[in-house]
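> What would the 3D arrangement of this be:
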Amino acid sequence: MAYTSRRVVPVLGLAAHLGRGMQRVATDTVIGRMRTLPRTIADLDARSLSQIIGRPVTSISMIGGDAGTSSRARLALTGDGVPESVFVKMPAETVATRLMGELGRLAQTEVLFYRDLAPQLTGLPVAYGSAFDSLTGRFVLVLEDLAVDPCVFPDTLHPLDIDQASQIVELLARLHAAFWERLPAWTYSASGDHTSLLTAPLLNTSARRLAERTDIGVEDGRFIIEKYRAVAELIDRQPNTVMHGDAHPGNVYFRNDEAGLLDWQAVRRGHPGRELAYTLITGMTPADRQAAERDLLTDYRRALVAAGGPELDADELWLHYRQGALYAYVAPLITAGMGGMQVESIALEGVRRGVAALGDLETVAALQQGLSP
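Okay, the predicted model is just below:
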């Protein structure tokens, strides 16, 4: 009976979660235009933006924009005490992408992060205002326009050097220290989310597709695919803190020689070893990572204590880091295998780095050790 319950409860939770997401999108289709929140970037006007940021805006004009898991635009403003320009995030244009966002609770998570947690942190864009409609899932997030200052925006094809990686590690330490075992009720672990039931099937499909068209050794992680829920729960064990959740190089920036993090829509609770492994493996070349990762973990431990966090045992953190490397394999594999979320060259390089780390960190052996009675 207990075994059946452990299987049925997550399935029912997943069904309920999917149902809520589909209901929001369906409700928006039927009555969305009757709601007060703007639906698209084009619907934003001076009056609505004034209400969202709490300052009188007299005019707005488009500077530029693009689309991904959300619609994004830079807007020029005039008004009393308003910034000259802002960066705005709103729902994706397509229903399919909106459903994907609902599945990951991306919009609600980022709005809650900027409302509840961002005021206690540095190294992120300033938020001028936000709004979220729980009935339709529509949202508006108005942020600082980083493009007005000289900024460096890395990506997987332009990896972090060791000094940049050290800056990011120290920034993560400050984040983790701020919320160490002090977790908002709305945060959840990646393994504890009902949608994790979908991860193994997505991994299987992605591995098959990539094995057919690349020579990347994606099957090196077969144990992870087959045991995903068990190993995910293993690396999310206590102690937990608030994690950025997606600190790959595309979500990193450097301004005035200081590091920052973008796109706080995948905030999760978990063990820092998972976040550190994901960030360093996706962000650095394998050679640079192998040469510096132990020193970078030492930097992290020192910065965590300096920011008010606990003193972590070096050997325990190293084991958590090796085990946490599974996420630097899982996330890029799904991204590249399913397609459409990143430029293919960037996505495939992420997979290569994740597969390389499984080997040199002996991640599968570390996971098997952790699952042993």
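
> Show the subsequent helix or strand relative to the strand or helix carrying Ser59.
Per DSSP states H and E, Ser59 falls inside strand 57-67. Next in sequence after strand 57-67, counting helices and strands by DSSP H and E, comes strand 70-79.

> I'd assumed Ala259 was in a helix, is it?
No. Assessed with DSSP: H, G, I helix; E, B strand; the rest coil, Ala259 is strand; it does not lie in a helix.

> what's the neighbour count on Leu261?
Neighbour count of Leu261, defined by other CB atoms under 10 Å: 20. Heads up, the C-betas are built off the backbone N, CA and C, glycines and all.

> Surely it and Phe254 touch.
No. Applying CB atoms under 8 Å, one finds Leu261 not in contact with Phe254, separated by 10.8 Å.

> And the contacts of the strand holding Ser59?
41, 44-47, 49-50, 71-80, 82, 85, 92-93 (CB atoms under 8 Å, 6 or more residues apart in numbering).

> Of those residues, grab the buried ones for PyMOL.
Only the buried entries of those go into this PyMOL selection, using 16 or more other CB atoms under 10 Å:
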select buried, resi 41+44+46+49+50+71+72+73+74+75+77+79+82+85+92
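
> mind listing the strands for the stretch 201-350 of the chain?
With DSSP state E, counting those that start in this stretch, the ranges of strands along the stretch 201-350 of the chain come out as 241-243, 252-255, 258-261, 268-270.

> Make JSON lines out of the ones you listed and add mean pLDDT.
Compiled in JSON lines, the strands of the stretch 201-350 of the chain are given as follows (pLDDT from 0 to 100):
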{"stretch": "strand 241-243", "mean pLDDT": "97"}
{"stretch": "strand 252-255", "mean pLDDT": "96"}
{"stretch": "strand 258-261", "mean pLDDT": "96"}
{"stretch": "strand 268-270", "mean pLDDT": "95"}
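
> Those strands into a markdown table, with extra columns for distance to Leu37?
Formatted as a markdown table, the strands of the stretch 201-350 of the chain follow (distance: least, CB to CB, whole Å):
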| stretch | distance to Leu37 |
| --- | --- |
| strand 241-243 | 27 |
| strand 252-255 | 28 |
| strand 258-261 | 27 |
| strand 268-270 | 26 |
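
> quick one, which of those is nearest to Gln167?
Closest approach to Gln167 among the strands of the stretch 201-350 of the chain is made by strand 258-261 (3.9 Å; CB to CB).

> Okay, now the sheet partners of the closest one, with direction.
strand 252-255 (antiparallel) (DSSP bridges).

> Give me the buried stretch members for the partner strand, please.
Of the residues in strand 252-255, 252-254 count as buried by neighbour count, 16+ other CB under 10 Å.

> of these, closest to Tyr300?
Proximity of those to Tyr300 (CB to CB) peaks at Val252, which lies at 15.6 Å.

> which residues does that closest one contact?
Neighbour list for Val252: 153-154, 160, 164, 168, 259-262, 283 [criterion: CB under 8 Å, 6+ apart].

> In JSON lines: those, plus distance to Gly101.
Below are the contacts of Val252 laid out as JSON lines (distance: CB to CB, whole Å):
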{"residue": "Phe153", "distance to Gly101": "22"}
{"residue": "Pro154", "distance to Gly101": "24"}
{"residue": "Leu160", "distance to Gly101": "27"}
{"residue": "Gln164", "distance to Gly101": "29"}
{"residue": "Ile168", "distance to Gly101": "25"}
{"residue": "Ala259", "distance to Gly101": "27"}
{"residue": "Gly260", "distance to Gly101": "23"}
{"residue": "Leu261", "distance to Gly101": "19"}
{"residue": "Leu262", "distance to Gly101": "16"}
{"residue": "Gly283", "distance to Gly101": "24"}
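
> in its sheet, what does the strand holding Ser59 sit against?
Partners of strand 57-67 in the sheet, by DSSP bridges, are strand 70-79 (antiparallel).

> can you give me the strands in the stretch 1-150 of the chain?
Taking DSSP E, counting those that start in this stretch, the strands of the stretch 1-150 of the chain run over residues 57-67, 70-79, 85-91, 127-132, 139-144.

> just so I know, which of the ones you listed lies nearest Ile225?
Comparing these by CB to CB, strand 70-79 comes nearest, at 29.1 Å.

> List of residues touching the closest one?
With contacts defined as CB under 8 Å, 6+ apart, strand 70-79 is touched by 40-41, 44, 46, 49-50, 55-66, 83-93, 101, 106-107, 145, 147, 265.

> what is the mean pLDDT for that strand?
On average, the pLDDT along strand 70-79 is 92.

> how much does it deviate in direction from strand 85-91?
For strand 70-79 against strand 85-91, the angle by axes from the mean of the first three to the mean of the last three CA atoms, to 10 degrees is 140 degrees.

> Among the contacts of Val252, which one lies nearest to Phe223?
Using CB to CB, Gly283 is the member of the contacts of Val252 that sits closest to Phe223, with 24.6 Å.

> Roughly how far does the closest one sit from Leu358?
17 Å (CB to CB, to the nearest Å).

> distance of the spatially closest residue to Glu110 that is not a sequence neighbour from Leu280?
Once flanking residues are discounted, Glu110 sits nearest to Gln265: 4.1 Å by CB to CB, 6 or more residues apart in numbering. Per CB to CB, Gln265 is found 21 Å from Leu280.
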